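Asker: show me how the following folds:
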Amino acid sequence: MKTIKAALLSYGMSGKVFQAPFLELHPGFELLGSWERSKKLIQEDYPQVKSYASLEEILANDTIDLVVVNTPIDTHFEYAKRVLEAGKHAIVEKAFTTTVAEADELADLAKEKGLKLAVFQNRRWDSDLKTVRQILLDGALGEIVEAEFHFDRYNPLLSPKQHKETVNSGSGILKDLGPHLIDQALYLFGFPKAVFADIRTTRENSVVDDWVDVLLYYPDFRVRLKASFFVREPNPAYVIHGKKGSFLKPRGDVQEDDLKVMKKPNLDSWGTEPLEKEGFLHTEIDGKIMHGKIPTLKGNYYDFFDGVYNAIINDTVEPVTAQDGARVMQIIEAAIQSSQEKRVVDL
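Answerer: Numbers count the residues shown, from 1 in each chain. Here you go, the predicted model:
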């Protein structure tokens, strides 16, 4: 098996929790290290790797094939562009960029250089979303009438991460949690015809948006996406109503929580939800009423990295393409315009 040598541009939560464990698990990757600006932590977890002193050191290293751009959102474009210009493949954390123009430029550059560029929309491989997608593929609900997705938390305090709480081109909940919701909606339903959005600031002393309600207009149905920091009693994460029935699913994917306590991912039991998090299906199938819980499919972010491996080695399409990332940015830009102008924005 050919080996792809990879480096991270940060070893904060994203690198430590979401990327390094899967690069270690996948036999086709070798993690060489991470750029670390102040705290030197990666060697505590991976003694064999290197803590790089600068981006330039990574870019100048000819043995590195793939770079994960997992720095603050407003740096994604600059760093990803430099990575691609250095002739290296890239994975870029969400939000892919801060504008559609930046996303398009990176996509064009990767194509010009013959490089692979993937967007880390890992939530496509959540157990929740995989189960929702299977319900839709099975046609269990009939023709869809409406769907509502939530990514809510109860966290009235400001984040200690300054880049998240200062006004910059990458801050705010719309570009933090919003890309998860938007990407999932586009993945399941395709690109909408129009957008209406309401974007607010609700936390005391906050200067960035922290509440968002986005309505996507499709020809025959609507999809509502909501995120808030003031939801103490959680809503169902997924509510989908069709002409035959309904499916409600609480957020139950265990991967993030398990990774935060340093559990190692695997290809066997990983991503198995507790039974109490199963979704509820009420529909009619072949003339019979179905009214009960549905087993949840396993989640595993490994599949994203396996997709990246195959894209680089076998020249297949990236698991989440730069074009996918650009479409998410189109929705975000339209949502900002809609909220500012208090109107529906056609796409």
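Asker: what's in contact with the strand ranked longest in the chain?
Answerer: Ranked by number of residues, the top strand in the chain under DSSP state E is strand 144-152. The contact list for strand 144-152, computed with Cβ atoms under 8 Å, 6 or more residues apart in numbering, reads 136, 177, 180-181, 184-185, 188-189, 220-229, 231, 234-243, 251. C-betas here are computed from N, CA, C, even on glycine.
Asker: filter those residues down to just the ones in helices.
Answerer: Within the contacts of strand 144-152, residues falling in helices by DSSP state H are 136, 180-181, 184-185, 188-189.
Asker: quick check on the residues you listed: which are buried?
Answerer: 136, 180-181, 184-185, 188 (16 or more other Cβ atoms under 10 Å).
Asker: SS state for Asp104?
Answerer: helix (DSSP: H, G, I helix; E, B strand; the rest coil).
Asker: now do the contacts for Leu215.
Answerer: Contacts of Leu215 (Cβ under 8 Å, 6+ apart): 195-197, 222-225.
Asker: next, the angle from the helix or strand where it lies to helix 178-189.
Answerer: In the assignment (DSSP states H and E), Leu215 maps to strand 211-217. Orientation check (axes from the mean of the first three to the mean of the last three Cα atoms, to 10 degrees): strand 211-217 against helix 178-189 gives 20 degrees.
Asker: list buried residues within the contacts of strand 144-152.
Answerer: Buried, going by 16+ other Cβ under 10 Å: 136, 177, 180-181, 184-185, 188, 221, 223-229, 231, 235-242, 251, out of the contacts of strand 144-152.
Asker: nearest residue to Arg343 in space, please, no chain neighbours.
Answerer: Phe196 (7.5 Å; Cβ to Cβ, 6 or more residues apart in numbering).
Asker: using the three-state scheme, assign that neighbour.
Answerer: Classified using three-state DSSP, Phe196 is strand.
Asker: hmm, it is touching Val345, no?
Answerer: Yes: applying Cβ atoms under 8 Å as the test, Phe196 and Val345 come out as touching, 7.3 Å apart.
Asker: now list whatever residues contact both of these two.
Answerer: In contact with both Phe196 and Val345: Ser338, using Cβ under 8 Å, 6+ apart.
Asker: and for the closest residue to Lys298 other than its chain neighbours, the neighbour number?
Answerer: Nearest residue to Lys298, sequence neighbours excluded (Cβ to Cβ, 6+ apart): Gly271, at 4.3 Å. Around Gly271 there are 23 other residues, counting by other Cβ atoms under 10 Å.
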